[in-house]
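Chemist: got a sequence here, can you model it:
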Amino acid sequence: MLIVEDEPAIAEAIAYLLRDDGFQVALADTGPGGLDAFQTQSPDLILLVLMLPGLNGLEVCRTIRRTSNVPIIMVTARAAELEKVVGLEAGADDYLTKPFSIAELRARIHALLRRTAATS
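Modeler: All right, here's what the predicted structure looks like:
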């Protein structure tokens with residue numbers, strides 16, 4: 001799993017909890033770093049923040065979608081309907097707004113991984 005999040009405390013907290021669930025987790029804190037990690041790590045799923053330095057999450061998502069169907073959950077503080085639509089149209093499979101509970105994040109990750117495993 002790849003977490004692309006520019007706030008280190010949030011990224012580390014999510015990574016810790018997901019590692020506790022048995023996931024291998026890679027971290028990136030910029031858009032370009034997220035693309036590099038995607039290419040070198042081949043993650044099963046990406047948690048992608050919308051607002052990133054260097055390249056925003058929408059552009060990262062669009063770039064990944066050109067070559068991959070890896071599941072992407074867009075994570076952002078932007079909760080407006082239009083923002084969600086733009087994120088989904090950019091290629092995200094799900095959209096989670098901050099603040100969120102770890103239980104909801106886990107449920108969304110497991111649901112998305114189940115759906116992608118069923119179609120593989």
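Chemist: could I get the contacting residues of the most centrally placed residue in the chain?
Modeler: In the chain, the centroid-proximal residue (CA atoms, centre = their mean) is residue 47; its distance is 1.5 Å. Going by CB atoms under 8 Å, 6 or more residues apart in numbering, residue 47 touches 1-5, 14, 73, 75, 105, 109. (Each C-beta comes from the backbone N, C-alpha and C, glycine too.)
Chemist: tell me which element it is part of?
Modeler: Counting by DSSP states H and E, the element that carries residue 47 is strand 46-49.
Chemist: partners of that strand in the sheet?
Modeler: strand 2-4 (parallel), strand 72-76 (parallel) (DSSP bridges).
Chemist: residue 41 is nearest to which of these?
Modeler: Proximity to residue 41 (CB to CB) singles out strand 2-4 among the strands paired with strand 46-49, at 5.9 Å.
Chemist: what's the average pLDDT for the closest one?
Modeler: Strand 2-4 shows a mean pLDDT of 98.
Chemist: next SSE after it?
Modeler: As the chain continues past strand 2-4, the following element, by DSSP H and E, is helix 8-20.
Chemist: off-centre distance for that following helix?
Modeler: 13 Å (CA atoms, centre = their mean, to the nearest Å).
Chemist: if we look at the following helix or strand past that helix, which residues are touching it?
Modeler: Counting by DSSP H and E, the element after helix 8-20 in chain order, helix or strand, is strand 26-28. Residues outside strand 26-28 that contact it (CB under 8 Å, 6+ apart): 1-5, 11-12, 15, 34, 36-37, 41, 43.
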